[in-house]
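Undergrad: Curious how this folds, go ahead:
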Amino acid sequence: MHRPTEEALDTALQAAERMRILGVDPHHLARSLLYLQQRNERLEEVLRWVDRYLRFGLAEKEQAQLRRLVQRLREEDERGGEDPDAPESMML
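TA: Next up is the predicted model:
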């Protein structure tokens, strides 16, 4: 499967957000897309940190930041069944 263009992804995310706001998501597609987009953004951040680590190593401060990011991702997984519209479940 090919990656969608930025325009196509933006259009899909906007539609998903409208579906979420209107409460019209009988098959949970909008909820799933929004969750996966948020998750992807966090994993891209991890990838950037890991890439930096592999290239240059990390000072203690950067290692701590990477550990916190990984911990937030784990906490998000633990909250997996909660309502994504609740403020605390949307934050990482």
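Undergrad: which secondary structure elements does the longest helix seen in the chain contact?
TA: Criterion DSSP state H: the longest helix present in the chain is helix 29-56. Using 3 or more CB pairs under 8 Å, 6 or more residues apart in numbering; DSSP states H and E, the elements in contact with helix 29-56 are helix 6-22, helix 60-78. (Glycine included, C-beta is placed from N, CA and C.)
Undergrad: Go through these and find the least confident stretch.
TA: Comparing mean pLDDT across the helices and strands packed on helix 29-56, the weakest is helix 60-78, with a mean of 87.
Undergrad: Quick check: R31 touching R20?
TA: Yes. Between R31 and R20 there is a contact under CB atoms under 8 Å: 6.5 Å.
Undergrad: Out of the helices and strands packed on helix 29-56, which is closest to Q38?
TA: Closest approach to Q38 among these (CB to CB): helix 60-78, 8.5 Å.
Undergrad: Tell me which residues of that closest one come out buried.
TA: 66, 69, 73, 76 (16 or more other CB atoms under 10 Å).
Undergrad: Leaving out chain neighbours, which residue sits closest to the third one?
TA: Taking CB to CB, 6 or more residues apart in numbering, and ignoring the residues beside it in sequence, L73 has R42 as its nearest neighbour in space, at 5.6 Å.
Undergrad: Would you mind listing the buried residues in the longest helix of the chain?
TA: 30-31, 33-35, 45, 49.
Undergrad: Let me know the angle separating that helix from helix 60-78.
TA: Per axes from the mean of the first three to the mean of the last three CA atoms, to 10 degrees, the angle that helix 29-56 makes with helix 60-78 is 160 degrees.
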